[in-house]
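> return atomic coordinates for the entry below.
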Amino acid sequence: MEGEVLAFLEGVEVSLINLLCIKDSSLQILTLCFGIPSLLDAAAPQLARLKEPIVLAKVNADKYTSLAKKYDVDAYPTIKIFMHGVPVDYYGPRKAELLARYLKKFVAPDVSVLESDSSINEFVEAAGPYFPIYLGFGLDESVISKFGIKYKKKAWFSVAKGFSEDIMVSYDFDKVPALISIHPNYNNERSIFYGPFEEPFLEEFIKQSLFPLVLPINYDTLKLLKDDDRKIALTIVEDEDEDQTKKLINLLKAAASANRDLVFAYVGAKQWGEFADSFRDKKTTLPKMVIWDGEDDYLMVTGSESIIGNDHASEISKFIEGYREGRTEKRRVAGPAILGFINSLIGIRTIYIIVIIVAVIMLYQNLTKEDSEYNRVDTSARDQVEQTSSSSAAEVQRSEYKAGDKED
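Reported below is the predicted structural model:
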């Protein structure tokens, strides 16, 4: 199988890609890269050795333009994951080892059944840091199987059939049944759900726990927020790495636990000034909080324009209370820059490409204009010289004619 995968990497025919991407294909996972990054060559052998191998394929998008257009590829390299022919955008890591670990998620069982403490620890270790993990204790697999299928692209799901008191202490739950969410990429942050385990309540917990309590804003997390219909309690700080900011984030976590109908997030002006400035005005002192709809509008809470002062906990509570009571002022996200972050259907890299193309066109037009002006000046001068020469010749002719006439 390794040889076959590497053969795919050398070049792919359009007819073959179309064959592999039909929905009833026996191939479970195809990872298609529009562009030629070398990381696929390194990741392919690892993925080929899996029990259910994942095929990696490169496509020359400049050659197969219709295929790139079909799957809305607007920047290179772009990686698409096809699950039984259904394409999914890939937002994971771009290093070979991490790519291989990330893609293993897509051939894993919808819900893994764990029989012992060691299998629980091995499952969590193998899952890696890029997806939240849901561990069910004292639950039947059938209770969460539907959600394991529905949220397979976003999280790991498992149920533990056998576990000790040590595991209960380790994962900090004191009774069963319990469902625990873990965010390995955010210091193993955990949330515990003790029920009721009826479908609406269970799904609500799963949806709300897909994010950590307080989410840092960056390009990757903005993409994830597109799929969440909750409003965002966004805190804008000067610098995410300051000790004061870290203390503030801990306070925001407490507020997030009590207000799960909101997504709590933060961004540093130092880390991403262009985005942070979209919600700022010159009169507002940081840190500040707003309620953002994830698109073009946000709400300022009257009397809580900033959350400055020594008692940030009280300021946060005051802000949430003001929002709940409707003491808000609606504002528009400043400038067009935010469209590039959230609403634009083209990638940020494509924007750079467009800017470069426009600059080249303007430069070409400028050079063409200068050349035309030069030609006009040159033609004008040439015409003037020719006119002057003609006038001089005529005068010489007239002069010679008159002199000859007198002699005759």
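> tell me where the model's unsure across the chain.
Low-confidence regions of the chain, defined by pLDDT under 70, span residues 1-32, 35-38, 84, 335-361, 364-408.
> give me the domain ranges for it.
By the assignment in automatic domain parsing, the chain contains the domains 2-107, 109-210, 213-346.
> okay, these in JSON lines with mean neighbour count next?
All C-beta atoms are positioned from the backbone trio N, CA, C, and that covers glycine. Formatted as JSON lines, the domains of the chain follow (neighbours: other Cβ atoms under 10 Å):
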{"stretch": "domain 2-107", "mean neighbour count": "16"}
{"stretch": "domain 109-210", "mean neighbour count": "17"}
{"stretch": "domain 213-346", "mean neighbour count": "16"}
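> residue 362: which of these is closest?
Residue 362 lies closest, by Cβ to Cβ, to one member of those: domain 213-346, at 19.5 Å.
> how distant is the closest one from the center of its chain?
Between the centre of domain 213-346 and the centre of its chain there are 18 Å (Cα atoms, centre = their mean, to the nearest Å).
> cool, and stretch 89-105?
With Cα atoms, centre = their mean, you get 14 Å for stretch 89-105.
> only C-alpha atoms, please: export that stretch in CSV.
Output in CSV follows, covering the C-alpha atoms of stretch 89-105 (Å, rounded to 0.1, in the frame of the first residue of the first chain):
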residue,chain,number,x,y,z
ASP,A,89,-11.8,21.7,4.6
TYR,A,90,-8.6,20.9,6.4
TYR,A,91,-7.5,23.5,9.1
GLY,A,92,-5.0,21.3,10.9
PRO,A,93,-1.2,21.4,11.3
ARG,A,94,1.1,21.6,8.3
LYS,A,95,3.9,19.4,9.6
ALA,A,96,4.2,15.8,8.4
GLU,A,97,4.1,14.1,11.7
LEU,A,98,1.2,16.3,13.1
LEU,A,99,-0.7,15.9,9.8
ALA,A,100,-0.5,12.1,10.0
ARG,A,101,-1.7,12.2,13.7
TYR,A,102,-4.5,14.6,12.8
LEU,A,103,-5.8,12.6,9.9
LYS,A,104,-6.0,9.4,12.0
LYS,A,105,-9.1,10.9,13.6
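> now the domains of the chain in JSON lines, with distance to residue 363?
Shown next, in JSON lines, are the domains of the chain (distance: least, Cβ to Cβ, whole Å):
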{"stretch": "domain 2-107", "distance to residue 363": "23"}
{"stretch": "domain 109-210", "distance to residue 363": "42"}
{"stretch": "domain 213-346", "distance to residue 363": "23"}
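> wait, doesn't residue 228 sit right on residue 211?
Yes - at 7.4 Å, residue 228 and residue 211 qualify as touching, with contact defined as Cβ atoms under 8 Å.
> shared neighbours of these two, anything?
residue 263 (Cβ atoms under 8 Å, 6 or more residues apart in numbering).
> the stretch 251-400 of the chain: strands as residue ranges?
All strands of the stretch 251-400 of the chain, identified by DSSP state E, counting those that start in this stretch, fall at 262-268, 288-292, 297-301, 328-332.
> just so I know, which of these lies nearest residue 311?
strand 288-292 (14.5 Å).
> can I get the CA coordinates of that closest one in CSV?
Provided in CSV are the C-alpha atoms of strand 288-292 (Å, rounded to 0.1, in the frame of the first residue of the first chain):
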residue,chain,number,x,y,z
LYS,A,288,-12.9,46.3,27.1
MET,A,289,-15.7,43.8,26.4
VAL,A,290,-18.3,43.7,23.6
ILE,A,291,-21.0,41.3,22.5
TRP,A,292,-20.2,40.3,18.9
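> what lines up beside that strand in the sheet?
Applying DSSP bridges, strand 288-292 is found paired with strand 231-237 (antiparallel), strand 297-301 (antiparallel).
> and the angle from the shortest one to strand 328-332?
Using axes from the mean of the first three to the mean of the last three Cα atoms, to 10 degrees, one finds that strand 297-301 and strand 328-332 are set 150 degrees apart in direction.
> tabulate the CA atom coordinates of stretch 163-180 in PDB.
Extracted in PDB, the C-alpha atoms of stretch 163-180 (Å, rounded to 0.1, in the frame of the first residue of the first chain):
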ATOM      1  CA  PHE A 163     -12.300   2.000  35.300                       C
ATOM      2  CA  SER A 164     -11.000   2.400  38.800                       C
ATOM      3  CA  GLU A 165     -11.400   5.000  41.500                       C
ATOM      4  CA  ASP A 166      -8.000   6.300  40.500                       C
ATOM      5  CA  ILE A 167      -9.400   7.300  37.200                       C
ATOM      6  CA  MET A 168     -12.300   9.000  38.900                       C
ATOM      7  CA  VAL A 169      -9.800  11.000  41.000                       C
ATOM      8  CA  SER A 170      -7.700  11.700  38.000                       C
ATOM      9  CA  TYR A 171     -10.600  13.100  35.900                       C
ATOM     10  CA  ASP A 172     -12.200  14.800  38.900                       C
ATOM     11  CA  PHE A 173     -15.700  13.200  38.800                       C
ATOM     12  CA  ASP A 174     -17.400  11.700  41.800                       C
ATOM     13  CA  LYS A 175     -20.400   9.800  40.500                       C
ATOM     14  CA  VAL A 176     -21.700   8.100  37.400                       C
ATOM     15  CA  PRO A 177     -23.100   8.400  34.800                       C
ATOM     16  CA  ALA A 178     -20.900  11.300  33.700                       C
ATOM     17  CA  LEU A 179     -19.600  12.700  30.500                       C
ATOM     18  CA  ILE A 180     -16.400  14.600  30.600                       C
END
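> residues contacting that stretch, please?
Contacts of stretch 163-180 (Cβ under 8 Å, 6+ apart): 114, 116-117, 120, 134-139, 144, 160, 190-195, 197, 202, 205.
> now, those residues that are in strands?
Among the contacts of stretch 163-180, the members found in strands (DSSP state E) are 114, 134-137, 160, 190-193.
> which among these gets closest to residue 57?
residue 134 (31.5 Å).
> how close does that closest one sit to residue 52?
From residue 134 across to residue 52, the span is 22 Å (Cβ to Cβ, to the nearest Å).
> with residue 326 instead?
From residue 326 to residue 52 the distance is 53 Å (Cβ to Cβ).
> could you do residue 146 as well?
Taking Cβ to Cβ as the measure, residue 146 falls 22 Å from residue 52.
> quick one: residues contacting the nearest residue to residue 259 once chain neighbours are set aside.
Distances taken as Cβ to Cβ, 6 or more residues apart in numbering place residue 320 nearest to residue 259, at 6.2 Å, with adjacent residues excluded. Neighbour list for residue 320: 233, 255, 259 [criterion: Cβ under 8 Å, 6+ apart].
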